[in-house]
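> Here is a sequence together with a model predicted from it:
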Amino acid sequence: QVQLVESGGGLVQPGGSVRLSCTASGRIFRINNMGWYRQAPGKQRELVATITSDDSTNYADSVKGRFTISKDNAKNTVYLQMNSLKPEDTAIYYCNADGRTSPFDLRTFASWGQGTQVTVSS
């Protein structure tokens, strides 16, 4: 089992910044991809940003230039630096990771965190 724990959410004013963190723990041999998704009230969960094992990144158009995803491989942690926040960024932010659990077989994992609320409001 692989668990993901997010932190860093909260209430922030429009134009402000916040950094989210997500740490993976458990039976992990290799993490292939990590990412952030969000779900606003009444809307479907959507991709925010992803990062691969070779540090390739992908962003939703709505956050390009404002959000930055990064990771610390030694800590199995992914970050999301969110700048110039807008009220429409208000959502529950979920961390996602996938990879392999063992070097001896091809068993894989794909896990979600419990989510962290980000509210952008004055």
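Arrived safely. Numbering: from 1, shown residues only.
> For the rest of this, base every contact and every neighbour count on C-alpha atoms.
Will do.
> Give me the phi and psi for the residue most central in space within the chain.
Centroid check for the chain by CA atoms, centre = their mean gives Trp36 as the closest residue, at 2.7 Å. Per-residue torsions, Trp36: phi -120, psi 140 (degrees, to the nearest 10).
> show me what contacts it?
Leu47, Val48, Ala49, Thr50, Leu80, Tyr93, Tyr94, Cys95, Asn96 (CA atoms under 8 Å, 6 or more residues apart in numbering).
> try 10 Å
20-22, 46-51, 59, 69, 78-80, 93-97, 112-113, 115 (CA atoms under 10 Å, 6 or more residues apart in numbering).
> can you check Val2 too?
24-28, 97-99, 101, 109-113.
> Which residue ranges of this structure form strands?
2-7, 10-12, 18-26, 30-39, 46-52, 57-59, 67-72, 77-82, 91-100, 108-112, 116-120 (DSSP state E).
> which of those is buried the deepest?
strand 91-100 (a mean of 23; mean count of other CA atoms under 10 Å).
> ok now it, how far from the chain's centre?
Averaged C-alpha coordinates place strand 91-100 at 5 Å from its chain's average position (CA atoms, centre = their mean, to the nearest Å).
> Direction included, what does that strand pair up with?
strand 30-39 (antiparallel), strand 108-112 (antiparallel), strand 116-120 (antiparallel) (DSSP bridges).
> Take the strands of the chain and write them to JSON lines, including mean pLDDT.
As requested, those are arranged in JSON lines below (pLDDT from 0 to 100):
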{"stretch": "strand 2-7", "mean pLDDT": "96"}
{"stretch": "strand 10-12", "mean pLDDT": "97"}
{"stretch": "strand 18-26", "mean pLDDT": "97"}
{"stretch": "strand 30-39", "mean pLDDT": "97"}
{"stretch": "strand 46-52", "mean pLDDT": "98"}
{"stretch": "strand 57-59", "mean pLDDT": "98"}
{"stretch": "strand 67-72", "mean pLDDT": "98"}
{"stretch": "strand 77-82", "mean pLDDT": "98"}
{"stretch": "strand 91-100", "mean pLDDT": "97"}
{"stretch": "strand 108-112", "mean pLDDT": "94"}
{"stretch": "strand 116-120", "mean pLDDT": "98"}
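> Good, wrapping up.
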